[in-house]
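> below are the sequence and a predicted model for it; my questions follow.
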Number of protein chains: 2
Amino acid sequence: MSSAPLGVFDSGLGGLTVVRALRARCPAESIVYLGDTARVPYGTRSAETVVKYALGCARVLVKRGVKALVVACNTVSAVALDALRIELDLPVMGVIVPGARAAVQAAGGGAIGVLGTTGTIASGAYPRAIASFSTRAEVIAMPAPLLVPLAEEGWVEGEVPRLVVRRYLEPVLARGARALVLGCTHFPLLRAVIDSESLALAGKLITIVDSGEAAAVDVESFLKERSLAAPLGERGRLELYVTDLPKSFAEVASRFLGHEAENVQAIDL
Amino acid sequence: MSSAPLGVFDSGLGGLTVVRALRARCPAESIVYLGDTARVPYGTRSAETVVKYALGCARVLVKRGVKALVVACNTVSAVALDALRIELDLPVMGVIVPGARAAVQAAGGGAIGVLGTTGTIASGAYPRAIASFSTRAEVIAMPAPLLVPLAEEGWVEGEVPRLVVRRYLEPVLARGARALVLGCTHFPLLRAVIDSESLALAGKLITIVDSGEAAAVDVESFLKERSLAAPLGERGRLELYVTDLPKSFAEVASRFLGHEAENVQAIDL
């Protein structure tokens, strides 16, 4: 079982930032990734619709014999994790609990800002997860939907992303956040702007927590504890599946993944 | 048949700007609107996927006894109109040919700029339609994907939309466009910024063509010619269906429609 791949899925390509973090931390693990590019984005949809779509994605990966499922999508992690665990007979890990835990550690009892899609923020999943690690941490949650198209279009530097990021961060930092969670897989692409604007607005360094990176840390521990980790020294393979394959796919995917996206196959759900 | 409703569909809520134009021009017509909010946006998807989704939407409306179909979505009009006409046994009208005709008239032989989603621009549908009305009109087509989330989020004034609009318009107007087509149903919400930035950049008034308004003009003529127009003096009803109903729906819909969205029903495709 330990040499079986990890299944990772997301509403689209954003989850490739989680794949990137997983491959950096667990290079021996093979990964089968499914991006539901035919129905992206999930962040603006109802919880019922997200659960339905997520189950469809998960079943595709289960059929491919994965040993555990990593839900790279914050929106799915926020609203569909319970449904997936009830329906599926394998370990299911999300990105929100790892992100929340890392933020509580980083904030040292101070307030925690969370940026996410409208759906993730409306779900209240981050405040709930943070409260399970610290009963006193104040959470300032801010929907930041425009960061998604900026990341997808590659508008990650210059005046426009700076002004957009500033508009979302200003009220969060004005309330004294000491850590900031990037609660959407797209946001790490805007990391440079988020770093510089948070420094400019707060006048000091704010710890930025990438939920995808935090999840990769937790996945590594989990696989070791359960003796499910791939044998050291192996080099994990990466298989990419998407439900729709627009022409711009390769370009956007390589930006998220950090290297060329090879062997991408389109499947119908 | 003349008292049967018109069927209008779109990938989401953007088509409500077309409904608004139709109701202003043909107040006697009843309209059944379907917004595929569970799968919005279409503009970034492959042609095959758009055709599949569009046929699904159209069949829902045909079952409700509509007398003609108005495809409010530019992306669907660009890639799926032929498929719809082959599959369906009723008149099917899009927004691109009306927009192209109005632009050719407005440009007086000069160049025509077109703003649209990535999918609409990549399809080449506007240049083809424009060429069918004028063999010498130069077309400058520009994908402007960020205008969609700006319109949906209500960021329609201030520095961010101004800078984004300017970035898209600058290369179009530098090449001397004399008319500008808003080739996406979302863009009329940014009309004020587009008007002022095009004036500032070009130094003179550029005719802005709203494809939805142009389509409403064509629909009115078509219904009269075919004796399909609703009896004058009637007051048309509006029924709204969506495939997903997020909480923010009513707010966004009223912004597109220009009045409260009532009697909205969610259906499953």
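Noted; the coordinates are in hand. Numbers count the residues shown, from 1 in each chain, chains lettered A, B, ... in the order given.
> A:Ile140 should be in a strand, yeah?
Yes: under DSSP: H, G, I helix; E, B strand; the rest coil, A:Ile140 sits within a strand.
> and it, what does it touch?
Contacts for A:Ile140 were tallied using CB atoms under 8 Å, 6 or more residues apart in numbering or on different chains; they are A:Ala111, A:Ile112, A:Gly113, A:Val114, A:Pro171, A:Val172, A:Arg175, A:Ala177. (C-beta placed from N, C-alpha, C; glycine too.)
> quick one: the residue nearest to the first one when sequence neighbours are not counted and A:Val114, what's the gap?
Excluding the flanking residues, the one nearest A:Ala111 by CB to CB, 6 or more residues apart in numbering or on different chains is A:Glu138, at 4.1 Å. Distance check for A:Glu138 against A:Val114: by CB to CB, to the nearest Å, it reads 11 Å.
> again with A:Asp218
A:Asp218 sits 18 Å away from A:Val114, going by CB to CB.
> higher neighbour count, those two?
Just comparing A:Asp218 and A:Val114: by other CB atoms under 10 Å in any protein chain shown the higher neighbour count belongs to A:Val114, 32 against 18.
> so which bits of chain A are right by chain B?
A:37-40, A:44-46, A:49, A:118-119, A:122, A:145-146, A:148-150, A:152-153, A:155, A:159-160, A:163-164, A:167, A:244-248 (CB under 8 Å from any CB of the partner chain).
> in helices only, show me those residues.
Counting by DSSP state H, the part of the residues of chain A next to chain B found in helices is A:49, A:118-119, A:122, A:148-150, A:152-153, A:159-160, A:163-164, A:167.
> would you show me how to pick out the buried ones of those in PyMOL?
Selecting only the buried entries of these in PyMOL, with 16 or more other CB atoms under 10 Å in any protein chain shown as the criterion:
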select buried, chain A and resi 49+118+119+122+148+149+150+152+153+160+163+164+167
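> okay, the ones in helices among the residues of chain A next to chain B in TSV with pLDDT next?
Formatted as TSV, these follow (pLDDT from 0 to 100):
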residue	pLDDT
A:Thr49	92
A:Thr118	87
A:Gly119	84
A:Ala122	89
A:Val148	92
A:Pro149	91
A:Leu150	95
A:Glu152	88
A:Glu153	89
A:Glu159	96
A:Val160	97
A:Leu163	97
A:Val164	98
A:Arg167	96
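> could you pull out the strands for the stretch 51-200 of chain A?
Secondary structure of the stretch 51-200 of chain A by DSSP state E, counting those that start in this stretch: the strands cover A:68-71, A:92-93, A:111-116, A:139-143, A:177-183.
> which strands or helices does the lowest-mean-pLDDT helix or strand in chain A pack on?
Within chain A, confidence by mean pLDDT, DSSP states H and E is lowest for helix A:249-257 among all helices and strands, at a mean of 86. Counting contacts by 3 or more CB pairs under 8 Å, 6 or more residues apart in numbering or on different chains; DSSP states H and E, helix A:249-257 is packed against helix A:16-25, strand A:264-266.
> again, only this time at 7 Å
Identification of packing neighbours for helix A:249-257 by 3 or more CB pairs under 7 Å, 6 or more residues apart in numbering or on different chains; DSSP states H and E yields helix A:16-25.
> name every strand pairing with the helix or strand following the helix it packs on and say which way it goes.
Note on helix A:16-25: by DSSP states H and E, the next helix or strand toward the C-terminus is strand A:31-35. Sheet pairing here is set by DSSP bridges, and for strand A:31-35 it gives strand A:6-10 (parallel), strand A:238-242 (parallel).
> send me the first one as PDB with only the CA atoms.
In other words, strand A:6-10. C-alpha atoms of strand A:6-10 as PDB (Å, rounded to 0.1, in the frame of the first residue of the first chain):
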ATOM      1  CA  LEU A   6      -1.500   9.900  -3.200                       C
ATOM      2  CA  GLY A   7      -4.700  11.300  -4.700                       C
ATOM      3  CA  VAL A   8      -4.900  15.100  -4.800                       C
ATOM      4  CA  PHE A   9      -7.800  17.000  -6.200                       C
ATOM      5  CA  ASP A  10      -8.900  20.600  -6.600                       C
END
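> the nearest residue to A:Leu34 once chain neighbours are set aside pairs with what?
Leaving out its chain neighbours, the residue that sits closest to A:Leu34 by CB to CB, 6+ apart is A:Phe9, at 4.3 Å. Judged by DSSP bridges, the bridge partners of A:Phe9 are A:Leu34, A:Val71.
> hmm, A:Phe9 is touching A:Thr37, no?
No: contact criterion CB atoms under 7 Å: A:Phe9 and A:Thr37 do not qualify, at 11.3 Å.
> PyMOL command for the buried members of the contacts of A:Ile140?
Typed into PyMOL, the line below selects the buried ones among these, using 16+ other CB under 10 Å:
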select buried, chain A and resi 111+112+113+114+172+177
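> re earlier: switch the strands of the stretch 51-200 of chain A over to a markdown table; also include distance to B:Val95 and mean pLDDT.
Converted to a markdown table, the strands of the stretch 51-200 of chain A look like this (distance: least, CB to CB, whole Å; pLDDT from 0 to 100):
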| stretch | distance to B:Val95 | mean pLDDT |
| --- | --- | --- |
| strand A:68-71 | 38 | 98 |
| strand A:92-93 | 43 | 98 |
| strand A:111-116 | 34 | 98 |
| strand A:139-143 | 31 | 97 |
| strand A:177-183 | 37 | 97 |
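> how near is A:Ile27 to A:Gly119?
Careful, residue A:27 is Pro; it's not Ile. A:Pro27 is 32 Å from A:Gly119, where distance means CB to CB.
> A:Ser134 - how many residues pack around it?
Neighbour count for A:Ser134, taken as other CB under 10 Å: 18.
> who's in contact with it?
A:Ser134 makes contact with A:Val104, according to CB atoms under 7 Å, 6 or more residues apart in numbering or on different chains.
> so what pLDDT did it get?
In this model, A:Ser134 is scored at 95, pLDDT.
> hang on, the earlier thing: compute the inter-axis angle for the least confident helix or strand of chain A and strand A:6-10.
Between the axes of helix A:249-257 and strand A:6-10, defined by axes from the mean of the first three to the mean of the last three CA atoms, to 10 degrees, the angle is 110 degrees.
> buried ones in helix A:249-257, by neighbour count?
A:Phe249, A:Val252, A:Ala253, A:Arg255, A:Phe256, A:Leu257.
> ditto for stretch A:180-197
For stretch A:180-197, by 16+ other CB under 10 Å, it's A:180-190, A:193-194, A:197.
> per-domain residue ranges of chain A.
Domain ranges of chain A: A:6-94+A:213-266, A:96-212, per automatic domain parsing.
> distance to B:Tyr126 for those - can I get that in CSV?
Output for the domains of chain A, formatted as CSV (distance: least, CB to CB, whole Å):
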stretch, distance to B:Tyr126
domain A:6-94+A:213-266, 18
domain A:96-212, 20
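> compare the ones you listed and give me the one nearest B:Asp210.
For B:Asp210, the closest of these is domain A:96-212, at 22.3 Å, according to CB to CB.
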